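>>> What would the 3D arrangement of this be:
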Amino acid sequence: MTTPIPPSENPTMPPRNLLPTIFSSLSRTPSSTSPTRWTLLRTLKSENTNDMQGDLHGTATFTPLRSHRLDQTTQINTHETETEGSGNGNGYTDLLYSEEGSLPQSFGPGLRWTKKYIWRLSANGRISVWFVKIDKNQKSSADGQVPDEEEADYLFHEFDFVSSSSSDSTATSEVKSESGEEFVTPPVPPEVGSDSGLQTKIVAARGNHLCIKDMYRTAYAFRVAEGSGEVLSWASRHVVKGPKKGQDIVNLYSRAM
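Below is the predicted model:
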């Protein structure tokens, strides 16, 4: 059973130079030029008995996209417009997150599931997750053309880093910020092999997204190597509450061997 990470009484932002390392190591390791493949174990729980329940197995990758300079007209309502320092505060780097896996045989033979998001690192050190624009690629495929590179459509959430800890102990599953906003705590990322001799710590983040009447509360936890900051495993949790929704989705990611 997966257990959540305890909320920190004195949450601290990770060092600014750690965030680019976390971001880039999701797609590849310093010792390899090949993209990193993550094995994904997803556990689905829902208050609606007609929804899918139980475990799904799949894989996930992060593919680097082109770096961008900021378009002020499209990013006006996000932190991407905020600059810190001089000269380099008006751009961002994107990673395309892609996941896929097989559905249980009860849904029919050979059926698969896929999902994509764009993860973004801004020049001022903010990490955010975006929904992928789908209309353009659908039209290109219908016309027989090679689809263009995926682009971000609208914001899912920004990362609010809340703790940095070596603790794997349990805690309550929901917490409130000083402003009264509710957040969920993430599951503990998978352990890494003890024979590696690596010392690790866990960096946690969270973000909320309101979709009409449905609230999506998400929490992340990254198990990183002490010193290098390289992500060795990670986890996420999505809790969805709404008039007709009550879902709790836990994702555990380990490096594929």
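
>>> Could you check how far the closest residue to Arg37 other than its chain neighbours is from Asp55?
Once flanking residues are discounted, Arg37 sits nearest to Ala256: 4.0 Å by CB to CB, 6 or more residues apart in numbering. From N, CA and C alone the C-beta is placed, and that goes for glycine too. Per CB to CB, to the nearest Å, Ala256 is found 17 Å from Asp55.

>>> What residues of stretch 51-58 count as buried?
Met52, Leu56, Gly58 (16 or more other CB atoms under 10 Å).

>>> Centre of the chain to it, how far?
18 Å (CA atoms, centre = their mean, to the nearest Å).

>>> count of residues packed around the closest residue to Leu111 other than its chain neighbours?
Among residues not flanking Leu111 along the chain, Leu103 sits closest, at 4.3 Å (CB to CB, 6+ apart). Residues near Leu103, counting by other CB atoms under 10 Å, number 15.

>>> Verify the stated contact: Leu103 with Leu56.
Yes. In terms of CB atoms under 8 Å, Leu103 counts as a neighbour of Leu56; the distance is 7.4 Å.

>>> intersection of neighbour lists for the two?
Trp113 (CB atoms under 8 Å, 6 or more residues apart in numbering).

>>> Now do the strands in the stretch 101-250 of the chain.
112-122, 127-132, 152-158, 160-165, 174-176, 182-184, 200-211, 214-225, 231-242, 245-255 (DSSP state E, counting those that start in this stretch).

>>> Which element, helix or strand, includes Thr43?
strand 37-46 (DSSP states H and E).

>>> where does Thr172 land on pLDDT?
Per-residue pLDDT puts Thr172 at 41.

>>> Same question for Arg28.
Looking at Arg28, the pLDDT reads 84.

>>> Was I right to think it contacts Trp38?
No. In this structure Arg28 lies outside contact range of Trp38 using CB under 8 Å: 11.7 Å.

>>> Where does the prediction get shaky in the stretch 51-200 of the chain?
The stretch 51-200 of the chain contains residues with pLDDT under 70 at 67-90, 136-147, 163-180, 195-196.

>>> how about the helices of it, start to end?
135-142 (DSSP state H, counting those that start in this stretch).

>>> And stretch 206-215, what's buried?
Arg206, Gly207, Asn208, His209.

>>> and these, which two are the farthest apart?
Greatest spacing in the buried residues of stretch 206-215, by CB to CB: Arg206 and His209 (11.1 Å).

>>> what sits in contact with each of the two?
In contact with both Arg206 and His209: Thr218, using CB under 8 Å, 6+ apart.

>>> Who does Tyr220 form a beta bridge with?
Ala205, Ser236 (DSSP bridges).

>>> give the contact list for it.
Phe159, Pro186, Ala204, Ala205, Arg206, Trp234, Ala235, Ser236 are the contacts of Tyr220 under CB under 8 Å, 6+ apart.

>>> again, but for Gly54
Thr43, Leu44, Pro104.

>>> Mind doing that once more with 6 Å?
By CB atoms under 6 Å, 6 or more residues apart in numbering, Gly54 lies in contact with nothing.

>>> can you pull up the bridge partners for it?
Going by DSSP bridges, Gly54 forms beta bridges with Leu44.

>>> Against Asn251, how distant is it?
With CB to CB as the criterion, Gly54 and Asn251 are 14 Å apart.

>>> Tell me who's in contact with Asp248.
Neighbours of Asp248 in contact, by CB under 6 Å, 6+ apart: Lys45, Val239.

>>> The one 4 residues further on too?
Residues in contact with Leu252 (CB under 6 Å, 6+ apart) are Leu41, Pro190, Ala235.

>>> got a winner among those for most neighbours?
Neighbour counts for the contacts of Leu252 peak at Ala235, which has 25 neighbours (criterion: other CB under 10 Å).
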